[in-house]
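Novice: Here is a sequence together with a model predicted from it:
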Amino acid sequence: MKINSSEISGQASSDACWVIVYTPQLKENYDRKSGDGLSLAFVVIWLAGDFLNLIGAWRQELLWTMIILAGYYTLCDVALIAQYYYYRKHHDFYHPALPAPSSSSHTNNEQATESTPLIPGKPASSPTSAPRSLRMEILRYVFAALVVLLTGVAAWAVEQYGNGGQPDSRPPSKPEGPGWRWDAQVYGWLSAALYLASRVPQIFKNRQTKCEGLSLALFLFAVAGNVTYVASIVIKSTDEEYLTESASWLVGSLGTIVLDFIVLGQFVAYREERQAIAVAADTAERAA
C-alpha cells in the first residue's frame, strides 16, 4: 500500500501546532503567577469540547494521532484550570486595567504619564517600546508557525512533484473507516458547537483586560493548527461521503479560525491600553 506523504505531512503540521499551542499560555500564567488573563468560561467550555472530541474521534475511528491529541488537549485544559484556581488561592497578583494612582504615590496630585520617569533620575521607557515589543512577539511566533507550515508544504511538494517532475493527478481514494456513526456525529457536532461558543466569553473578557495576561501565541498556533487540520482532512480525500462524515470537525475548525482572528485583532487594537496598564502596574509596584 502506498503511503501518502502529503496526508502525513498535513497531519504532522497540525499535530506540531497543537502540541505546542498550550505551552505559551501555561508559561504566561506561571510567569505572572496568575491565570486571570483567560476567561474561566472559555477554558471550561474548551475542556468540554475537547472531551467530546475525544469520544467522537474514538467512536468514529479517526487517526490514532487525533485520538491521542484529543486526550492531550483535555489534560492541558485541566492544567490551565488548575493554574487559574491555584494562583487565585496562593497568589493574589493581578493588576486590574488602568489602576488609579494613589495620593501617597504622587505629590501635588501629579499623575504619571507614559513619558514620566518611574524613578527620579531614570528615564522612562519609550512610548513606542510596547508596540515594538508586540511587533517582535508577533513576528517571532508567526515565524515559528510558518516553519511548521512550510515543513508540511515541502513534504507535500516532494510527494506531488517527485515522480518525474509531474504532480500525481490521481484523485485521493476514499479512506477506509467504520462509515457513518450517529453517536460519533452527535459528539462531533456538540464538540464543534462548544469550540465556537468557547471563544465568546474570552472575546468579551478581552474588552475588559485588553488581552493583558493572554498569550498571543496561544491563538496564533490555534489558527495554524486548525488551518493545517482542515488541510489534512481535505488532502486525505475529497470523497463526498468522507467529507460529510468529517463535516463537524471541518465546521468546528473553520469557525474557530474566524473567531480566533477576532481575538488576534483585539491584541492589535488594545496594544496602547496594555502599554498603559504595564506602566501603571510598574509604577504601583515601585511606589509600594
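Specialist: Looks like it arrived, so ask away. Numbers count the residues shown, from 1 in each chain.
Novice: wait, doesn't Q202 sit right on F42?
Specialist: Yes. Using Cβ atoms under 8 Å, Q202 is in contact with F42, at 4.0 Å. (Each C-beta comes from the backbone N, C-alpha and C, glycine too.)
Novice: Please confirm that S34 is located within a strand.
Specialist: No. In this structure, S34 is coil, not part of a strand, as judged by DSSP: H, G, I helix; E, B strand; the rest coil.
Novice: list the buried ones in whichever strand or helix holds P24?
Specialist: Using DSSP states H and E, P24 falls within helix 23-32. Using 16 or more other Cβ atoms under 10 Å as the test for burial, helix 23-32 gives P24, Q25, L26, E28, N29, R32.
Novice: For Q202 and F42, indicate the residue with more neighbours.
Specialist: Set side by side, Q202 and F42 show more neighbours around Q202, with 26 against 22, by other Cβ atoms under 10 Å.
Novice: how about the more buried one, what does it touch?
Specialist: Shown in contact with Q202 (Cβ atoms under 8 Å, 6 or more residues apart in numbering): L38, S39, A41, F42, L214, V263.
Novice: can you list the residues you listed in TSV and add pLDDT and secondary structure?
Specialist: Formatted as TSV, the contacts of Q202 follow (pLDDT from 0 to 100; DSSP: H, G, I helix; E, B strand; the rest coil):
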residue	pLDDT	secondary structure
L38	93	coil
S39	95	coil
A41	96	helix
F42	96	helix
L214	93	coil
V263	96	helix
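Novice: Let me know the closest of those to A184.
Specialist: Nearest to A184, judged by Cβ to Cβ, of the contacts of Q202 is F42 at 25.5 Å.
Novice: Look up how far R59 lies from the residue lying closest to V227 once chain neighbours are set aside.
Specialist: Spatial nearest neighbour of V227, excluding adjacent residues (Cβ to Cβ, 6 or more residues apart in numbering): I257 at 6.6 Å. As judged by Cβ to Cβ, to the nearest Å, I257 and R59 stand 25 Å apart.
Novice: Equivalent analysis for S191, please.
Specialist: Using Cβ to Cβ, we find S191 at a distance of 12 Å from R59.
Novice: likewise V186?
Specialist: Look at V186 and R59: by Cβ to Cβ, they are 9 Å apart.
Novice: Helix or strand: which one has the residue nearest to V227?
Specialist: helix 247-269.
Novice: Need the residues that contact that helix.
Specialist: Outside helix 247-269, the residues touching it (Cβ under 8 Å, 6+ apart) are 49, 56, 134, 138, 185, 188-189, 191-193, 195-196, 199-200, 202-203, 206-207, 210-211, 214, 216, 219-220, 222-223, 226-227, 229-230, 233, 243.
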